[in-house]
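*Asks:* Fold the following for me, if possible:
(one chain, ligands or ions: 4)
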Amino acid sequence: MHKKSISFMLLAVFGILLIGAFHIALALQFSEHTVVGNFNGAISVKAVDLDKDGDMDAVGAAFNDDEVAWYENDGSGQFTEHVIDNNCDKASFVATADVDNDGDWDVFAASYSDDEVYWYEAEPTGGNAKFTWTRHTLPGSPNGSTCVQTADVNNDGNVDVVISEIGDDRIGWWQNDGHGTFTEHNIADDYKDPYFVYPVDLDNDGNMDVLAATHYKKKISWFKANGDQEFSETVIDDNLVGAIYVSAVDLDKDGDMDILAAGDESKTICWYENDGDQTFTRHNVVTD
Ligand SMILES: [Ca+2]
Ligand SMILES: [Ca+2]
Ligand SMILES: [Ca+2]
Ligand SMILES: [Ca+2]
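*Replies:* Numbering: from 1, shown residues only. Ligands and ions are numbered 1, 2, ... in the order given. As a prediction, the model looks like this:
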């Protein structure tokens, strides 16, 4: 995929999420409250109690503003913006984790145009800003990253990151030594246009696997881990047109992990029912 199409694709992801939110809202009657209304190109958001005061705050990325920020909840749903970085060129994704095991939530952000993934080390200050943020760069310069997810890939108790690089048609994971020093490893180096990745132990064998969505190949795959962090691909679906999102949850509550996915060009949200042995049957939630 050419980089010039990224803005459209990012908008499409946001649209799919809105479609999903709309359908859920029909059933559950949500009312809208604005956290921030001028976060240009808002593309990724995570809920986390960043300041550990008992209420959920928000961390977000704004693609057009090149900005990463967190929004402090006063406890009644009123939010105050704190900028973490206003120089993260085409910020495309955020994630949170305690990278250095010091008890604070740190923040990851992908910079699509810098071809970097940064992590921001939180230091509590006690003042109004609450934290200072020190930016660190992951090694290897992930090329055109659209997704960064946190998980303990090698089961050593330290949270690692899984990253998609659509510029290099690659999925990698970065091993954390527990102090925020990372070592790069390969998951797949010839996976065309990996738009979204999602780490999960899909077959419940204790090893962290990785799901991926490729837009160009309209494909959903899972990469099974063998216990030595070597991964082999199984295709779940090779006909989800515009595949742009994938995650996993036990949707039918029968004890195994099912898969949830979205395709922008086919205007589809679907789920894949696990028969208990990682054979999946697709069901459309909404489609064109
Ligand atoms: Ca809070
Ligand atoms: Ca680890
Ligand atoms: Ca597994
Ligand atoms: Ca299930």
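
*Asks:* Any stretches of this structure with poor pLDDT?
*Replies:* 1-26 (pLDDT under 70).

*Asks:* ranges for the helices of it?
*Replies:* When secondary structure is read from DSSP state H, the chain shows helices at 6-28.

*Asks:* burial of the residue of the stretch 51-200 of the chain found nearest ligand 3, as a residue count?
*Replies:* For the stretch 51-200 of the chain, the residue closest to ligand 3 is residue 200, as judged by CB to the ion, at 8.1 Å. To be clear about C-beta, it is placed using only N, CA and C from the backbone, and glycine gets the same treatment. For residue 200, the neighbour count with other CB atoms under 10 Å is 19.

*Asks:* now swap in the one 5 residues further on and tell me
*Replies:* Residues near residue 205, counting by other CB under 10 Å, number 12.

*Asks:* what about residue 39, distance to ligand 2?
*Replies:* According to CB to the ion, to the nearest Å, residue 39 and ligand 2 sit 32 Å apart.

*Asks:* Enumerate the beta-bridge partners assigned to the closest residue to that residue other than its chain neighbours.
*Replies:* The shortest distance from residue 39 to any non-neighbouring residue, by CB to CB, 6 or more residues apart in numbering, is to residue 62 (4.5 Å). With DSSP bridges applied, residue 62 shows beta-bridge pairing to residue 42, residue 67.

*Asks:* So residue 158 sits against residue 174, correct?
*Replies:* No: applying CB atoms under 8 Å, one finds residue 158 not in contact with residue 174, separated by 11.0 Å.

*Asks:* hey, what's residue 282 bridged with?
*Replies:* residue 272.

*Asks:* and what of residue 106?
*Replies:* Applying DSSP bridges, one finds that residue 106 bridges with residue 97.

*Asks:* Pull the contacting residues for it.
*Replies:* The neighbourhood of residue 106, defined by CB atoms under 8 Å, 6 or more residues apart in numbering, consists of 96, 97, 98, 99, 100, 119, 120, 121, 122, 180.

*Asks:* just to revisit the earlier point, what's the spacing between the residue nearest to residue 39 and ligand 2?
*Replies:* From residue 62 to ligand 2 the distance is 30 Å (CB to the ion).

*Asks:* what's around that residue, how many residues?
*Replies:* Neighbours of residue 62 (other CB under 10 Å): 22.

*Asks:* correct me, but it touches residue 42?
*Replies:* Yes: at 5.4 Å, residue 62 counts as touching residue 42 under the criterion of CB under 8 Å.

*Asks:* Give the full set of residues in contact with the residue in the stretch 1-150 of the chain positioned nearest to ligand 2.
*Replies:* Closest residue of the stretch 1-150 of the chain to ligand 2, CB to the ion: residue 150 (9.9 Å). Going by CB under 8 Å, 6+ apart, residue 150 touches 95, 96, 97, 108, 159, 160, 161, 162, 199.

*Asks:* cool, and residue 111?
*Replies:* Applying CB under 8 Å, 6+ apart, the residues near residue 111 are 66, 88, 89, 90, 91, 92, 117, 118, 145.

*Asks:* What parts of the stretch 151-288 of the chain come near ligand 4?
*Replies:* Taking CB under 5 Å from the ion as the criterion, the stretch 151-288 of the chain approaches ligand 4 at residues 250, 252, 254, 256, 258.
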